[in-house]
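**Student:** sharing a model that was predicted from the sequence below.
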Amino acid sequence: MLEIKDLEVSYGSIKALHGISLKVPDKSIVTLIGANGAGKSTTLRAISGLIKVRAGSVIYNGEDITNQPAHKIVAKHLCHVPEGRMVFANLTVAENLRMGAYLRNDKAGIAADMEYAFTIFPRLKERIHQAAGTMSGGEQQMLAIARALMSQPKCLMLDEPSLGIAPILVRSIFDQIVAINKERGLTILLVEQNANLALGISHHGYVLESGQVILEDSAAALLKNPQVRAAYLGD
Amino acid sequence: MDWLLQQLINGLALGSIYALIALGYTMVYGVLRFINFAHADVLMLGAYAAYFLAPAVNSIFPLPSLTGTLIIVLLSAMICAAIGILIEILAYRPLRQRPRLTVLITAIGVSLFIEFTCQHKAVFGADTKPFPQLLPEHDFHLGGLVIGSNDLVVVVTTLLLLGGMWFIVQRTKMGTAMRAVSFNQQAAALMGININRIISFTFGLGSALAAVAGILYALKAPGIDPLMGVQPGLRAFIAAVLGGIGNLPGAALGGLLLGLLETFAGGISGLSNYRDGIAFAILILILLFKPAGLLGKATIEKV
């Protein structure tokens, strides 16, 4: 469904990605793990059009979408929940969700999807008219995911959904990620520092280091890999 | 008492115009975080658009008349919206990734460019031109009060436009997108929002309001000239800061307050020469205690 070939990205004169290649098969959950600064977020940002790609290509459903503007990539149902959530703090929960549905005009469909968002994250319904900036980090993460779902993604990229969130909410958010993948058939590309948690729900994993893929395998195999255990799982 | 009410009416009329102009400054600041100094000149262009449209409209809908005026205002607003959008595309968009100071200086450059190009004799010329009478005029006498019909027109038009703006920004999809872009452009792009389109829309809307303000200002002024936007523009900018830049109700409040302060200070005999001094001293006092403006929220810059 999503394939990246030899992706190179630079910030000024500093190369952040040195030719990354990876594949995200249809309806799977794929995780990128790696230390801070390994290039995980940069990879997602390059795919969703937030930063320019210097070389290489992003192929989505057989179409080359390299360096297309971000708002056009969303229209292809490839959606990115950025690091730090980036919910519109000045907008209410309902308005945030409506912005997620910005490209849609089917009122009934939007209402139905909003209801779906409330069934997976009931807390959002309690806070529907509250300004998003007044919610806790975990609630904002729920909103960020729900907002992305409003754009009817076929492939969802999640950047560090566990970052800065109370552990009890992390579990529930990851359960919902699995549910979205199973029930709605969404393909998911996940970036996480919490490798244990991420590999636990994934089918496949890539290990990034200094802007390069140094290892790839099934998630189950990576969890057993001594090298991965030593570097990322705290053994 | 009559004197107080009279000054109140005059102040509201003047403040309404400031409020309309201030909205344009504050909206652009909201989405792009810089002061579009050329806004004041778009106001002037609005007045000139009306000046040149008036004879043509007059031949179909004889002026002074409400219909004729509405047509002139609508056309001028559309012309200025187009000019505002064009200014953004030509002058500001290429600098989108540059430091804000660069854009700010460019805005001053655009402003001076418009002012001095328009003063050339091949364009408008530097002389003051008499503004045509667009609306039938009538003074209403209420006790000792004199309320000019133009003052009423200014206040009512402003109220309607303020209400309309509030509706657009708070209740429509486009307005919500404007607020989203204002908060975080990248996140807005990830929603599928075309940032450039929202910015154009914002400039168009602000410039259309400036055109209306320019015409209202000209109705009450002795004439129009290419520098006519400078004074009200500067005051409206201050009004926007006073209300809390980036905040729409704040801009309206700031405009009205500044208009009232100026009128009251100017109405006191012996003090009228110091009216700007008094008005601005009060502004400085307010900003000392409310640095983010009356309705602005104090924001902490992230380091």
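**Tutor:** Perfect, thanks for sending it.

**Student:** which residues of the stretch 151-300 of chain B lie near chain A?
**Tutor:** Taking CB under 8 Å from any CB of the partner chain as the criterion, the stretch 151-300 of chain B approaches chain A at residues B:173, B:176-177, B:179-180, B:182-184, B:186-195. Heads up, the C-betas are built off the backbone N, CA and C, glycines and all.

**Student:** what about the strands in the chain?
**Tutor:** Here I'm looking at chain A. A:2-11, A:14-24, A:29-34, A:55-60, A:63-64, A:78-81, A:155-159, A:187-192, A:204-209, A:212-218 (DSSP state E).

**Student:** my question was about chain B
**Tutor:** Using DSSP E, the strands of chain B run over B:139-142, B:145-148.

**Student:** point out the most buried one among those strands.
**Tutor:** Looking across the strands of chain B with neighbours counted as mean count of other CB atoms under 10 Å in any protein chain shown, the highest average goes to strand B:145-148: a mean of 16.

**Student:** direction included, what does that one pair against?
**Tutor:** Within its sheet, and counting by DSSP bridges, strand B:145-148 is paired with strand B:139-142 (antiparallel).

**Student:** which positions in chain A make contact with chain B?
**Tutor:** Contacts of chain A with chain B, taken as CB under 8 Å from any CB, map to A:48-50, A:69-71, A:74-75, A:79-80, A:82, A:86-91, A:95, A:98-100, A:102-103, A:147-148, A:151.

**Student:** one step back: out of the residues of the stretch 151-300 of chain B next to chain A, which are buried?
**Tutor:** Neighbour-count burial (16 or more other CB atoms under 10 Å in any protein chain shown) applied to those gives B:176-177, B:179-180, B:182-184, B:186-195.

**Student:** which pLDDT value goes with B:Ala298?
**Tutor:** According to the predicted model, the pLDDT of B:Ala298 comes to 64.

**Student:** mind listing which of the buried ones among the residues of the stretch 151-300 of chain B next to chain A are in helices?
**Tutor:** Applying DSSP state H to these, the entries found in helices are B:Thr176, B:Ala177, B:Arg179, B:Ala180, B:Ser182, B:Phe183, B:Gln186, B:Ala187, B:Ala188, B:Ala189, B:Leu190, B:Ile195.

**Student:** farthest-separated two in these?
**Tutor:** Taking every pair in those and measuring CB to CB, the maximum separation is 17.0 Å, between B:Thr176 and B:Gln186.

**Student:** where does the closest residue to B:Gly244 other than its chain neighbours sit relative to A:Leu156, distance-wise?
**Tutor:** In space, not counting the residues next to it along the chain, B:Gly244 is nearest to B:Gly296; the distance is 2.4 Å by CB to CB, 6 or more residues apart in numbering or on different chains. Distance check for B:Gly296 against A:Leu156: by CB to CB, to the nearest Å, it reads 37 Å.

**Student:** B:Gly68 now?
**Tutor:** Counting by CB to CB, the gap between B:Gly68 and A:Leu156 amounts to 56 Å.

**Student:** between the two, tell me which one has more neighbours.
**Tutor:** More crowded of B:Gly68 and A:Leu156, by other CB atoms under 10 Å in any protein chain shown: A:Leu156, with 24 against 21.

**Student:** correct me, but the more buried one touches A:Gly185?
**Tutor:** No: with the criterion set as CB atoms under 8 Å, A:Leu156 and A:Gly185 do not qualify as a contacting pair; they are 11.2 Å apart.

**Student:** just give me the neighbour total for the residue lying closest to A:Ile120 once chain neighbours are set aside.
**Tutor:** Nearest residue to A:Ile120, sequence neighbours excluded (CB to CB, 6+ apart): A:Gln176, at 4.9 Å. Applying other CB under 10 Å, we find 18 other residues in the vicinity of A:Gln176.

**Student:** just the residues contacting stretch B:277-289, thanks.
**Tutor:** The list of residues contacting stretch B:277-289 from outside it, by CB atoms under 8 Å, 6 or more residues apart in numbering or on different chains, reads B:Ile238, B:Val241, B:Leu242, B:Leu258, B:Leu261, B:Glu262, B:Ala265, B:Leu271, B:Gly293, B:Leu294.

**Student:** and what of stretch B:211-224?
**Tutor:** Residues from elsewhere that reach stretch B:211-224, judged by CB under 8 Å, 6+ apart: B:13, B:16-17, B:20-21, B:42-51, B:72-73, B:76-77, B:79-81, B:128-131, B:134-135, B:150-151, B:153-154, B:157-158, B:161, B:228-229, B:232, B:236.

**Student:** what pLDDT does the residue minimising distance to the centre of chain A get?
**Tutor:** Against the mean C-alpha coordinate of chain A, by CA atoms, centre = their mean, the closest residue is A:Leu158 at 1.3 Å. Predicted confidence (pLDDT) at A:Leu158: the value is 97.

**Student:** how about the stretch 1-150 of chain B: which residue is closest to chain A?
**Tutor:** Scanning the stretch 1-150 of chain B for proximity to chain A using CB to the nearest CB identifies B:Gly30 as nearest, at 10.1 Å.

**Student:** ok, that residue - contacts?
**Tutor:** For B:Gly30, the contacting residues are B:Met178, B:Arg179, B:Ser182, B:Thr202, B:Gly246, by CB under 8 Å, 6+ apart.
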